[in-house]
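> test case, fold it:
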Amino acid sequence: MTGLDPLASNGSSVLQRRFSLGELVDASSFREVCSSYAELFRISFKVFDSDGQLLVDAKGNRGDLCAYVRQLPKGRSSCTKEVTTIREKAMAADKLSYFDCFTGLRYIIAPIKHEGDALGSVVYGPYRPQGVKMPDLAKLDAKVNPETIKRLQARTPAAAEEVAKRVVDHLVQVIEVILYTGYKQILTSRLHFEAVTSSYEELQRKNKQLRDSFERLKELDKLKSSFLATVSHELRTPLTSVIGYSEMLMEGLAGKLNEEQMEYVKTIMEKGENLLSLIASILDFSKVESGNLRLARKLTDVKSVVNEAMSTVIPIAQKGQINLISEVSSDLPQINMDGEKIRQAIINILGNAVKFNKPGGQVKLKANTIKVPKKIQKDDLIPAAFAPPDESFLQICITDTGIGIPEDKLSKVFDSFYQVDGSSTREYGGTGLGLAISNSYITAHGGHIELESERGKGSSFTIYIPMETVP
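Numbering: from 1, shown residues only. Below you'll find the predicted structure:
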C-alpha cells in the first residue's frame with residue numbers, strides 16, 4: 001500500500017485516501033524514539049511498512065550469538081531462511097504472534113494499525129525467553145565450541161513472556177499515537193492544499209472565461225468601430241449633397257421660394273447640419289477607439305485657435321440667448337500642438353456649455369499660461385537649489401451658469417455615449433461623445449481636463465496642455 005497524492009488523476013478527496021507508514025511519521029524523529037525505546041529495554045526491534053520496507057532498525061543489546069552462528073556455513077544458510085520467513089510473517093501480520101528461531105531465541109511480530117488498516121509491523125527481538133530450555137547448537141558444525149555457545153546464550157537479553165508481550169503492546173501503542181498525530185497533521189495540510197488547489201483551479205477557469213469574454217468584447221468593439229466608421233462615412237456623402245442642394249434652393253438657383261417654402265428648406269438645412277455634426281463626432285470617436293488617432297503637431301497660434309472655436313458657437317449661443325465672454329491673454333505664445341484637434345475639443349465643451357444653459361445665461365472662456373511646480377516623489381530628498389524647473393501649461397477655463405452636473409455623475413461625463421439624463425424623454429439631444437472626444441484629444445497632447453460643477457449653478461471645465469514651443 002502506498003500513499004496517494006491529493007492531486008491524483010482519479011480526483012478523489014484526501015479523506016478517501018490511505019497513507020503509508022512512512023508518510024505519517026517524521027523519519028528522523030521516529031528513529032530517535034525507537035532507538036531510545038530499544039536502549040531502555042535492551043532488546044532490538046525492527047519496524048516494517050506494509051510493503052516490507054525496513055523503516056527502523058533499533059539496536060538493543062542483542063549479544064553475539066547470532067553473529068557467531070552466521071560465521072558457520074550451515075548457520076548462515078539457516079539464518080537467511082529464518083530472516084525471509086520473519087519478513088513474510090511481518091508483511092502478513094494481522095495480530096500479535098511469535099516466531100522461534102532455530103537458535104532458541106524468540107521474536108514477537110505485532111501489526112501496526114490505524115483506523116483498522118494495517119500500515120506495517122514491529123518485529124521485536126531476538127530475546128531469550130525465560131524458562132525455556134535452549135537448544136544444543138553443537139550439531140550445526142563440528143567447529144562449534146559448546147562453552148562459547150553457552151556463554152553467548154547467557155549474554156543474550158532474556159525476558160518473561162508476559163513482560164515481552166506487554167513491552168511490544170506498549171511499543172505498538174506509542175507508534176500508533178505517533179501515527180494519529182501524523183495523520184492529523186498530514187490531513188490538515190493536504191486538506192488545506194486541496195482547498196487552495198481547488199480555489200486556484202476555479203480562479204484559472206474564471207480567468208479563462210474572462211479572457212475569452214475580453215477577447216470577444218475586443219472583437220465586437222472592433223466590429224462596432226468599423227461599422228460606425230463605415231456607416232458614418234457612407235452617410236456623410238449623401239448628407240453633404242442634401243445640405244448643398246438646400247443652400248442652392250435658399251439662394252434661388254432653382255427659382256424664387258415663397259416664405260413657407262423657405263422655412264421648410266431652412267429646417268432641412270439646419271437638421272442636415274446637425275446630423276452632419278453628429279456623424280463627424282462618430283467618425284472622430286471611431287478613430288479614437290481604433291487607436292488611429294494621429295496628431296498633426298506644429299507651431300500653432302493659440303489665440304487664433306481659441307477665437308475660431310468661439311466664433312463657431314456664436315450662432316447657437318445667439319439663438320439660445322446665451323452671452324459669450326472671451327478673456328484671452330494677449331501674450332499667448334505659439335505652441336507645438338495639433339490646432340484642429342484642440343479647436344474641436346474647445347468647441348465640444350463650449351457647445352455643451354451653451355446647450356445646457358438657460359436664456360440669459362453666460363459662458364465665459366479664459367485662456368492664459370501658468371507655471372506649476374513639477375511633482376517630486378515624497379522620498380526624493382532633493383535640495384531646493386536642484387529642484388526641477390516649474391512646468392508651463394496652457395490653461396483654458398470654460399465656465400457656464402447652466403444646469404450643472406450632479407456630484408455622483410461627475411466621474412462619468414467623459415465616458416463614451418454617456419449622458420447625465422439617459423432617459424428616452426430627455427430634454428437635451430446629442431450622442432454623448434463630445435466630452436469623451438475632447439478628453440481623448442487633450443490626453444493625446446499629454447494634458448488633462450479638470451471639472452467642477454454644482455447642480456443648478458453651472459459647471460467649470462479647465463483644460464491643461466503642456467507647452468511645447470519646439471516642433
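
> which residues touch the nearest residue to Phe393 once chain neighbours are set aside?
With sequence-adjacent residues excluded and distances taken as Cβ to Cβ, 6 or more residues apart in numbering, Phe393 is closest to Tyr464, at 4.7 Å. Quick note: C-beta positions are derived from backbone N, CA and C, even for glycine. By Cβ atoms under 8 Å, 6 or more residues apart in numbering, Tyr464 lies in contact with Phe393, Leu394, Gln395, Ile442, Gly447, His448, Ile449, Glu450.

> okay, and Tyr464 sits in which element?
Counting by DSSP states H and E, the element that carries Tyr464 is strand 458-466.

> partner strands of that strand and their direction?
strand 391-400 (antiparallel), strand 448-454 (antiparallel) (DSSP bridges).

> need the CA coordinates for it. CSV is fine.
Below are the C-alpha coordinates for strand 458-466, written out as CSV (Å, rounded to 0.1, in the frame of the first residue of the first chain):
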residue,chain,number,x,y,z
GLY,A,458,-23.2,75.7,-13.6
SER,A,459,-20.0,74.0,-14.4
SER,A,460,-16.4,74.8,-15.0
PHE,A,461,-14.1,72.8,-17.3
THR,A,462,-10.4,73.6,-17.1
ILE,A,463,-8.0,72.3,-19.9
TYR,A,464,-4.3,72.0,-19.2
ILE,A,465,-2.0,71.4,-22.1
PRO,A,466,1.8,71.2,-21.6
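
> what residues sit buried inside it?
Within strand 458-466, the residues that qualify as buried are Gly458, Ser459, Phe461, Thr462, Ile463, Tyr464, Ile465, Pro466, counting by 16 or more other Cβ atoms under 10 Å.

> farthest pair in these?
The largest separation in the buried residues of strand 458-466, counting by Cβ to Cβ, is between Gly458 and Pro466 at 27.6 Å.

> re the thing from before, quickly list what the residue nearest to Phe393 is bridged to.
Gln395, His448.

> related to what we said a few turns ago, what's the closest of the buried residues of strand 458-466 to Met337?
Scanning the buried residues of strand 458-466 for proximity to Met337, where the rule is Cβ to Cβ, the winner is Ile465, at 6.6 Å.

> report pLDDT for that closest one.
At Ile465, the model reports a pLDDT of 91.

> can you pull out the strands in the stretch 301-450 of the chain?
323-328, 334-337, 362-372, 391-400, 448-454 (DSSP state E, counting those that start in this stretch).

> out of those, flag the one nearest Glu161.
strand 448-454 (93.9 Å).

> thinking Asp94 is in contact with Ile109, fair?
No - counting by Cβ atoms under 8 Å, Asp94 does not reach Ile109; the two are 10.2 Å apart.

> check the nearest residue to Met248 once chain neighbours are set aside and give its pLDDT.
Among residues not flanking Met248 along the chain, Ala254 sits closest, at 6.6 Å (Cβ to Cβ, 6+ apart). Reported pLDDT at Ala254 in the predicted model: 81.

> secondary structure class for Ala254?
coil (DSSP: H, G, I helix; E, B strand; the rest coil).

> what about it, neighbour count?
Number of residues near Ala254 (other Cβ atoms under 10 Å) recorded here: 10.

> and it, how far from Gly244?
12 Å (Cβ to Cβ, to the nearest Å).

> what of Val196?
70 Å.

> what do you get for Leu72?
Using Cβ to Cβ, Leu72 is found at 124 Å from Gly244.

> shared neighbours of Ala254 and Gly244, anything?
With Cβ under 8 Å, 6+ apart, Ala254 and Gly244 have no common neighbours.

> picking that back up, so which of the buried residues of strand 458-466 is the closest to Arg155?
Of these, the one sitting nearest to Arg155 (Cβ to Cβ) turns out to be Pro466, at 98.3 Å.

> for the closest one, give me its contacts.
Neighbours of Pro466 in contact, by Cβ under 8 Å, 6+ apart: Glu391, Ser392, Phe393, Leu394, His445, Gly446, Gly447.

> and Ala110, what's its pLDDT?
On the pLDDT scale, Ala110 gets 93.

> show me what the helix or strand hosting it is packed against.
In this structure, Ala110 is located in strand 106-114 according to DSSP H and E. On a contact count with 3 or more Cβ pairs under 8 Å, 6 or more residues apart in numbering; DSSP states H and E, strand 106-114 meets helix 73-91, strand 97-100, strand 117-129, helix 161-250.

> tell me which residues of the shortest one are tucked away?
Counting neighbours by 16+ other Cβ under 10 Å, one finds that the buried residues in strand 97-100 are Phe99.

> equivalent analysis for stretch 52-70, please.
Across stretch 52-70, burial judged by 16+ other Cβ under 10 Å covers Leu55, Val56, Ala58, Gly60, Arg62, Gly63, Leu65, Cys66, Tyr68, Val69.

> please apply the same query to stretch 258-265.
Residues of stretch 258-265 classed as buried by neighbour count (16+ other Cβ under 10 Å): Val265.

> which residues touch that stretch?
Ser246, Leu249, Met250, Leu257.

> quick one: mean pLDDT for it?
pLDDT averaged over stretch 258-265 gives 88.

> and for stretch 146-158?
Averaging pLDDT along stretch 146-158 yields 85.

> dump that stretch to PDB, restricted to CA.
Provided in PDB are the C-alpha atoms of stretch 146-158 (Å, rounded to 0.1, in the frame of the first residue of the first chain):
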ATOM      1  CA  PRO A 146      29.800 -25.600  23.300                       C
ATOM      2  CA  GLU A 147      31.300 -23.400  26.000                       C
ATOM      3  CA  THR A 148      31.200 -20.400  23.700                       C
ATOM      4  CA  ILE A 149      27.600 -21.100  22.700                       C
ATOM      5  CA  LYS A 150      26.500 -21.300  26.400                       C
ATOM      6  CA  ARG A 151      28.400 -18.100  27.200                       C
ATOM      7  CA  LEU A 152      26.800 -16.200  24.300                       C
ATOM      8  CA  GLN A 153      23.300 -17.600  25.100                       C
ATOM      9  CA  ALA A 154      23.700 -16.300  28.600                       C
ATOM     10  CA  ARG A 155      24.700 -12.800  27.400                       C
ATOM     11  CA  THR A 156      21.600 -12.600  25.100                       C
ATOM     12  CA  PRO A 157      18.900 -10.400  26.800                       C
ATOM     13  CA  ALA A 158      16.200 -12.500  28.500                       C
END
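
> can you give me the buried ones in that stretch?
Neighbour-count burial for stretch 146-158, counted by 16+ other Cβ under 10 Å, picks out Ile149, Leu152, Gln153, Thr156, Pro157, Ala158.

> just say helix, strand or coil for the second one.
Three-state secondary structure (criterion: three-state DSSP) places Leu152 in helix.
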